[in-house]
Structures are given as C-alpha cells and as structure tokens.
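Peer 1: just coords:
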C-alpha cells in the first residue's frame, strides 16, 4: 500500500495545522531539489507539496480522510475474505450484461426451434 499523506509528512492523523506546517517546512527544506542533489529529490519534494496542499486545507483534508477511511475498510474487507472469513455485508454481483429473456424469435414458436428454423 502506498504511503498516506500523513506518512509522507511524518505526522499523525490527529496532527494540528501547526504540526503539519512545521513538518512540511522541515521536509521541503531537506528535500528541495536546489539544496539536495539526490536524483529523487524532485519527486520527494513533489510528494511533500502534494501532501501539504491536501492536509493544510480543511475541506481537502476532510475529503481525504473519508477516502482513506473507505480505502482502509475495503482493504480490511478483502483481507478478511482472503482469510476465509465471511464479511458482514454481501458484495454486489457485477452485471455481466446478459439478458435473461430469450430473443423474440424463439418466443413465438410453440415447438422448440430447430437448427433449420434458426438459420433459415
């Protein structure tokens, strides 16, 4: 599972806005491509910026937390099913696109259709 934004910044999910900002400043200073010559510095800085932009905005953070919660519950449900335990809620059956009714041609015949009837 990829790192969460909280893990990228090294803060807990209950971190305050001030704690998130302090972690961001420390990490972006350390991993900024102008200061760090590591080839992955630019990618790390981009990840840090993305995490901070989401977690520093209250509405984005609330939405992210909901998605994270849903992802974890789905992941936990899959793990439970793989271990052989039944989940509390049944999973929906995907629609395979099949029609249950016969085509109209077959419905109009009183005896069953023969291959000659279908091809002819």
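Peer 2: Ah, there it is. These figures come from a predicted structure and were not determined experimentally.
Peer 1: now the chain, which segments are flagged as low pLDDT?
Peer 2: Applying pLDDT under 70 to the chain flags residues 1, 78-120.
Peer 1: try 90 this time
Peer 2: For the chain, the stretches with pLDDT under 90 are 1-3, 32-34, 36-37, 39, 71-120.
Peer 1: mind listing the helices for it?
Peer 2: Here the chain has its helices, by DSSP state H, at 5-9, 17-31, 41-55, 58-82, 104-107, 115-119.
Peer 1: ranking those by mean neighbour count, which comes first?
Peer 2: A comparison of the helices of the chain by mean neighbour count, using mean count of other CB atoms under 10 Å, puts helix 5-9 on top with a mean of 20. C-beta coordinates here come from the backbone N, C-alpha and C atoms, glycine included.
Peer 1: okay, now the nearest residue to residue 6 once chain neighbours are set aside: neighbour count?
Peer 2: Once flanking residues are discounted, residue 6 sits nearest to residue 13: 5.2 Å by CB to CB, 6 or more residues apart in numbering. Residue 13 is flanked by 12 other residues according to other CB atoms under 10 Å.
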